[in-house]
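S.K.: need coordinates for the below:
(one chain, ligands or ions: 1)
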Amino acid sequence: MRDSGTLASVASRRRCEFLQDVLTGLGTASKNVPCKYFYDKRGSELFDRICKLGEYYLTRSELSIMEASAPELAEQIGPGAMVVEFGSGSSVKTRYLLDALLECVAYVPVDISSEHLDHAAAELASDYPRIEILPVCADFTKPFELPLPTRLPSHSAVYFPGSTIGNFTPELAIALLRRIALLVGQGGGLIIGIDVNQDVAQIEAAYNDSLGVTARFNLNLLRRINDDLEGDFRLDSFEHRALYNAELGRVELDLVSRIDQCVTVAGEGFTFSEGEAIHTEYSYKYSIPAFAALAASAGLSLHRYWTDRHDNCAVLHLVADAQETGVLVSRAN
Ligand SMILES: C[S@@+](CC[C@H](N)C(=O)[O-])C[C@H]1O[C@@H](n2cnc3c(N)ncnc32)[C@H](O)[C@@H]1O
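M.R.: Numbering: from 1, shown residues only. All right, here's what the predicted structure looks like:
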């Protein structure tokens, strides 16, 4: 249990990093703010609403794979594991895995959104009394400490759903996958969800939903900067934009200034001309072979994968530093 002094210093360090990243990002020629800052309490709630939207095929597709194939995924992980989830959010998909795993010793949800994480972890602890639930609030792109479960696990496995890996450029994705390979150790496994959709109209609709929830999610970043960093963004003078860049195979999310304007953050001024954008998020789409090649350069070999019946999404089992013994594929109905 951390004391209130430690919690206050963690909060102050996180605020400093947020401020530094925002000042640096807005100070560059192509303005940007890292997408991890979407996720405060309100941002996580908005993301959960996005997951339920008709247009957002990703969650539905990945859930259908988990529902159909959790026992097979659990078999890949094996008994006695400690499962560490990167970017766990509400841990909805994870429940399929926890239900199917044999003698799972502990589940470690890792997320940057502290209140949302605590809430999800409390619900899991009540629903899974046999599994030790050990939440870690951390930025998984940086080193963080794993908790020690009361019972010793036979091994650790990483679960990384939601196509969150698609938020990273390929170079940064490789760096993150390398760290995951080190965490699970030789022969250890990673179960990862990726977006393999190739239908441009469907992809763009998913990020431009008719109810405007994704627009609110994107604009919430400016609200958060106002609240946490003494910003004075006028939310109605920026608009959400999500476009698919076919050449680079990614959706690009931006906040576009509707007018010429000056904004201050923590006393520092930034000018925007009409039409100028703040880049907020990438969402890369991959073919299975392209993602397998990327993972291979991070020391992870594709062992098996599952897709949904529309081939929108894939869940891959990758093994660290293992000899590839052939790739199996299954499709959910
Ligand atoms: C796209 S959502 C996926 C949520 C959930 N895993 C799912 O599949 O629906 C990304 C999640 O990762 C978390 N996240 C994003 N960047 C992070 C970072 N750098 N460190 C830790 N968590 C992060 C967010 O708070 C959010 O819960």
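S.K.: which non-adjacent residue is nearest whatever residue of the stretch 101-250 of the chain ends up closest to the ligand?
M.R.: Closest approach between the stretch 101-250 of the chain and the ligand, counting by Cβ to the nearest ligand atom: residue 162, at 2.5 Å. Every C-beta, even on glycine, is put in place using the N, C-alpha and C of the backbone. Closest residue to residue 162 apart from its sequence neighbours, by Cβ to Cβ, 6 or more residues apart in numbering: residue 193 at 5.8 Å.
S.K.: and if you look at residue 154?
M.R.: Nearest to residue 154 is residue 80, by Cβ to Cβ, 6+ apart, at 3.5 Å.
S.K.: give me the number of neighbouring residues for the one you found.
M.R.: Neighbours of residue 80 under the rule other Cβ atoms under 10 Å: 15.
S.K.: please name the residues that touch it.
M.R.: 102, 103, 104, 105, 153, 154, 155 (Cβ atoms under 8 Å, 6 or more residues apart in numbering).
S.K.: look up phi and psi at the residue of the stretch 101-250 of the chain closest to the ligand.
M.R.: As for residue 162, its main-chain torsions (degrees, to the nearest 10) stand at phi 80, psi 10.
S.K.: what does the stretch 51-200 of the chain put close to the ligand?
M.R.: When proximity is defined as Cβ under 6 Å from any ligand atom, the stretch 51-200 of the chain approaches the ligand at 51, 59, 87-89, 93, 110-113, 139-141, 161-162, 164.
S.K.: check contacts around the closest residue to the ligand within the stretch 1-150 of the chain.
M.R.: Residue of the stretch 1-150 of the chain nearest the ligand, by Cβ to the nearest ligand atom: residue 87 (2.5 Å). By Cβ under 8 Å, 6+ apart, the contact list for residue 87 reads 110, 111, 112, 140, 160, 162, 164.
S.K.: closest one of those residues to residue 299?
M.R.: Distance to residue 299 across the contacts of residue 87 (Cβ to Cβ) is lowest for residue 160, with 15.2 Å.
S.K.: quickly list what the closest one is bridged to.
M.R.: residue 192 (DSSP bridges).
S.K.: could we number from 12 for the rest of this?
M.R.: Will do, 12 is the new start, and the previous item becomes residue 171.
S.K.: wait, it sits on residue 96?
M.R.: Yes - here residue 171 reaches residue 96: they are 7.1 Å apart, a contact under Cβ atoms under 8 Å.
S.K.: need the pLDDT of residue 343.
M.R.: On pLDDT, residue 343 comes in at 63.
S.K.: could you check the pLDDT of the residue nearest the centre of the chain?
M.R.: Central residue of the chain (Cα atoms, centre = their mean): residue 175, 3.3 Å from the mean position. What the model reports for residue 175 is a pLDDT of 98.
S.K.: what mean pLDDT does the longest helix seen in the chain have?
M.R.: Counting by DSSP state H, the longest helix found in the chain is helix 15-38. Mean pLDDT, helix 15-38: 92.
S.K.: from the chain's centroid, how far away is whichever helix or strand comes after it?
M.R.: Later in the chain than helix 15-38, the nearest helix or strand by DSSP states H and E is helix 52-62. Helix 52-62 sits 12 Å away from the centroid of its parent chain (Cα atoms, centre = their mean, to the nearest Å).
S.K.: same deal with stretch 78-91?
M.R.: Distance of stretch 78-91 from the chain centroid (Cα atoms, centre = their mean) equals 21 Å.
S.K.: buried set for it?
M.R.: 79, 80, 81, 84, 85, 87, 88 (16 or more other Cβ atoms under 10 Å).
S.K.: follow-up on the earlier one: name only those of the residues of the stretch 62-211 of the chain next to the ligand that count as buried.
M.R.: Buried among those (16+ other Cβ under 10 Å): 62, 70, 98-100, 104, 121-124, 151, 172-173, 175.
S.K.: mind putting those residues in CSV, distance to residue 285 included?
M.R.: Shown next, in CSV, are these (distance: Cβ to Cβ, whole Å):
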residue, distance to residue 285
62, 34
70, 35
98, 35
99, 40
100, 35
104, 41
121, 40
122, 37
123, 33
124, 33
151, 37
172, 39
173, 35
175, 33
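S.K.: so which of those are in strands?
M.R.: Under the assignment DSSP state E, these contribute 121, 122 to strands.
S.K.: tell me the one of the buried ones among the residues of the stretch 62-211 of the chain next to the ligand nearest residue 31?
M.R.: residue 123 (15.5 Å).
S.K.: mind checking the backbone torsions on the closest one?
M.R.: Dihedral pair for residue 123: phi -90, psi -20, per degrees, to the nearest 10.
S.K.: of the contacts of residue 98, closest to residue 249?
M.R.: Taking the contacts of residue 98 together and measuring to residue 249 by Cβ to Cβ, the closest member is residue 123, at 23.0 Å.
S.K.: doesn't residue 149 make contact with the closest one?
M.R.: Yes - contact criterion Cβ under 8 Å: residue 123 and residue 149 qualify, at 7.1 Å.
S.K.: nothing else from me, thank you.
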